[in-house]
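Asker: quick one, what's the 3D model for this:
(2 chains)
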Amino acid sequence: MPKPLRRFLRNPGALVGLGLFLFLALVALLGPAFVGDPLAQNLPERLQPPGPDHALGTDQLGRDVLARVVHGARISLGVGFGVVLLASFLGVAVGLLAGGLGGFWDNLLMRITDIFFAFPTLILAMAIAAALGPNLVNTVIAVALVSWPIYARLVRAQALALREREFVEAARALGAGWGRILLKHLLPNSLTPVLVQASYEVGAAILTAAGLSFIGFGAQPPTPEWGAMVAETRNYMAEAPWAATAPAVAILLTVLAFNLIGDGLRDALDPRGH
Amino acid sequence: MAAYLLRRLAYALLVGLGITAITFFISQVIPIDPAAAALGENAREEQIREFRERYGLDKPILVQYGLYLQRLLRLDLGRSLRTGRPVAEDLKEFFPATLELALAAFLVALALGLPAGIWAALRQNRPPDLLVRFLALLLGSTPVFFLAILLLDLLHRRLGLLPGPGRLDPFLIPPPVVTGITTLDALLAGDWAAFKDALAHLVLPAFVLGSASAALLARMVRAAMLEVLFQDYIRTAWAKGLPERLVVFRHALKNAALPVLTLLGGLLGGLLSGAVLTETIFSWPGLGRYVTQSATSLDFPAVMGVTLLVGLVYSLLNLLVDLLYALLDPRIRYA
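Answerer: This next block holds a predicted model:
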């Protein structure tokens, strides 16, 4: 077993995070087959407390909270991974070009990155989501557009350092073109910090997307998106606190899982702490 | 130092210009015709043409950007479609409330995060450390909007310990507006009742907004302290028999402060822009609530105005931190 993997698996926090994530992934994949319709309303049974019929109670329209939370897992995990895939692709490309080419291009690309860094995340995401129209796909695009700069910075720093190493020089001496050097030599060796950052960012993206949905710029009701669910049920905290609490706890556990995995990966891959 | 200062200023200007370019670009891709939006549905053909000519909407896009910059220099951010007032005036009205909330949240973050981080580092891997790390992880993973709803329900509605949303009891006469920061205005007016009430209204939203930053800060301070605590000069300080207070505050904290300082600028900037959710839930009349309401009614001049303002303030804060950093650490100046 490779050393970093062993270190990761010996870290109790990382294991809790991994277990939590596997559980959530399982719920997202298989859960919807085992619960009822998340959109089915049943007004006579509105605001029922958790019980044998409804494990997490019902909301103000008599919908089963458990069914909605389970279906929401698919949405939130999808949004989180969608954002990270899109943002890391964009950021890695920019960072690789900047660090690999150096000079003028490095300067230009990194100044653009700085500008995006300076923007208030949620406000810019809100502006983009409002301009594109509020729905889930646009939420993913908006959050990705505000979260790529961190990858660009990480990869650029790696690429800059790697550029001077002997193996890159050897490749250049053997006549490798810059495209080959970027993709075959710099890219694979720059990905470690990206992996650590990406695991934190899945959680961050889920939080941002839930926040956007909460104020109405993401998933729209009656979509069982966790942020939108909290927004829909927040006025019933007095008589039915479970309706808002269940999706909120789901968000918390998901973000917690990715934070724990991120910490574990960082400790496992960064030899400095050992 | 002068060369560094100049370079850093020129660079901040560049970033500021870039921010304007992006806000301009977003306002270009919006599928709404600004002329039709500003004049309403019943505008006549020639009115629209005149509007387009007046604002240069018929010119090439680079010329339009130039005109946009010219208007910005005159602090003309356009007119809000929702409030019907110049956006600059709206910003002036709503910014103080956000500033008050962000500063209070910043204090909360410092008051909780700093001692927690130091304490955790001093008791590494023992119960205090584990407790701080657990709480930091938990707070950092909690959706801020739910924390707000939960605490409002608990501390305001159920226990009645703290006032609910808003800045001031509606039955109180608000102090005359001087700074726009209600607590400060109440103090300036010598109105103790208003001050106490405004302060009580500030507690919950400031805690909600500051909690995630406190968690982040605690983690950063802990890491920075741990880097320092195992250095030789700290061992020497212990060996000399110095009391813990001196070792921690005079020797360790001073050197751990530098990496934490870089974080603080970004933290305050983040609080200024992160207030969107908190302000919405607490009916706090600041920029966050303003921008949310504006975006809901597709009032893009207002949204772009807020984005621009917060982006510029954020870069300015980072500039200040960088300068402070250079002032404290000579290595940076001469690099």
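Asker: what does stretch B:170-185 contact?
Answerer: Here stretch B:170-185 makes contact (CB atoms under 8 Å, 6 or more residues apart in numbering or on different chains) with B:93, B:95-97, B:99-100, B:167-168, B:186, B:188-189, B:191, B:193-195, B:197-199, B:202. Every residue, glycine included, has its C-beta placed from N, CA and C.
Asker: give the PyMOL command for selecting the buried subset of the residues you listed.
Answerer: Only the buried entries of the contacts of stretch B:170-185 go into this PyMOL selection, using 16 or more other CB atoms under 10 Å in any protein chain shown:
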select buried, chain B and resi 93+95+96+97+99+100+167+168+186+189+191+194+195+197+198+202
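Asker: restricted to helices, list the contacts of stretch B:170-185.
Answerer: Assigned to helices by DSSP state H, the following of the contacts of stretch B:170-185 qualify: B:93, B:95-97, B:99-100, B:186, B:188, B:193-195, B:197-199, B:202.
Asker: which of these sit farthest apart?
Answerer: Greatest spacing in the ones in helices among the contacts of stretch B:170-185, by CB to CB: B:Phe95 and B:Ala193 (25.8 Å).
Asker: about what we covered before: the ones in helices among the contacts of stretch B:170-185: which ones sit near chain A?
Answerer: Among the ones in helices among the contacts of stretch B:170-185, no residue lies close to chain A (CB under 8 Å from any CB of the partner chain).
Asker: let me see the contact set for the residue in chain B that chain A sits nearest to.
Answerer: Relative to chain A, the nearest point of chain B is B:Ser273 (2.8 Å; CB to the nearest CB). By CB under 8 Å, 6+ apart, the contact list for B:Ser273 reads A:120-123, B:288, B:310, B:314.
Asker: tell me how far it lies from B:Ala43.
Answerer: Remark: distance between B:Ser273 and B:Ala43 (CB to CB, to the nearest Å) = 35 Å.
Asker: likewise A:Leu24?
Answerer: According to CB to CB, A:Leu24 and B:Ala43 sit 52 Å apart.
Asker: with A:Pro221 instead?
Answerer: 34 Å.
Asker: find the nearest non-adjacent residue to whichever residue of chain A sits closest to chain B, please.
Answerer: Nearest residue of chain A to chain B: A:Pro120, at 2.8 Å (CB to the nearest CB). Spatial nearest neighbour of A:Pro120, excluding adjacent residues (CB to CB, 6 or more residues apart in numbering or on different chains): B:Ser273 at 2.8 Å.
Asker: drop anything exposed from the contacts of B:Ser273.
Answerer: Going by neighbour count (16+ other CB under 10 Å), the contacts of B:Ser273 have A:120-123, B:288, B:310, B:314 buried.
Asker: neighbours of residue 246, how many?
Answerer: Here I'm looking at chain A. 23 (other CB atoms under 10 Å in any protein chain shown).
Asker: the chain in question should be chain B.
Answerer: For B:Leu246, the count of nearby residues is 12 (other CB under 10 Å).
Asker: so for it, what's the pLDDT?
Answerer: For B:Leu246, the model assigns a pLDDT of 78.
Asker: OK, contacts around the closest residue to it other than its chain neighbours?
Answerer: Distances taken as CB to CB, 6+ apart place B:Ala237 nearest to B:Leu246, at 7.3 Å, with adjacent residues excluded. B:Ala237 is in contact with B:246-247, B:251, counting by CB under 8 Å, 6+ apart.
Asker: and which of these is nearest A:Val16?
Answerer: B:Val247 (34.4 Å).
Asker: if I look at that closest one, how far off is B:Arg235?
Answerer: Computed as CB to CB, the B:Val247 to B:Arg235 distance reads 10 Å.
Asker: more neighbours, these two?
Answerer: Using other CB under 10 Å, the more surrounded residue of B:Val247 and B:Arg235 is B:Val247, with 21 against 12.
Asker: contacts only, for the more buried one.
Answerer: Applying CB under 8 Å, 6+ apart, the residues near B:Val247 are B:234, B:237-238.
Asker: can you put those residues in JSON lines and add pLDDT and distance to A:Trp105?
Answerer: JSON lines is the format used below for the contacts of B:Val247 (pLDDT from 0 to 100; distance: CB to CB, whole Å):
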{"residue": "B:Ile234", "pLDDT": "81", "distance to A:Trp105": "44"}
{"residue": "B:Ala237", "pLDDT": "82", "distance to A:Trp105": "48"}
{"residue": "B:Trp238", "pLDDT": "82", "distance to A:Trp105": "50"}
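Asker: please list the residues of the stretch 101-250 of chain A that sit near chain B.
Answerer: A:111-112, A:114-116, A:118-124, A:126-128, A:130-131, A:203, A:207, A:210-211, A:214-217, A:227, A:230-231, A:234, A:237-238, A:241, A:244-245, A:248.
Asker: wait, B:Leu5 touches B:Leu323, no?
Answerer: Yes. Under the criterion of CB atoms under 8 Å, B:Leu5 makes contact with B:Leu323 at 7.0 Å.
Asker: give me the contacts around stretch A:56-71.
Answerer: Contacts for stretch A:56-71 (CB under 8 Å, 6+ apart): A:27, A:31-32, A:34-51, A:54-55, A:222, A:224, A:226, A:229, A:232-233, A:236, A:240, A:242-243, A:246-247, A:250.
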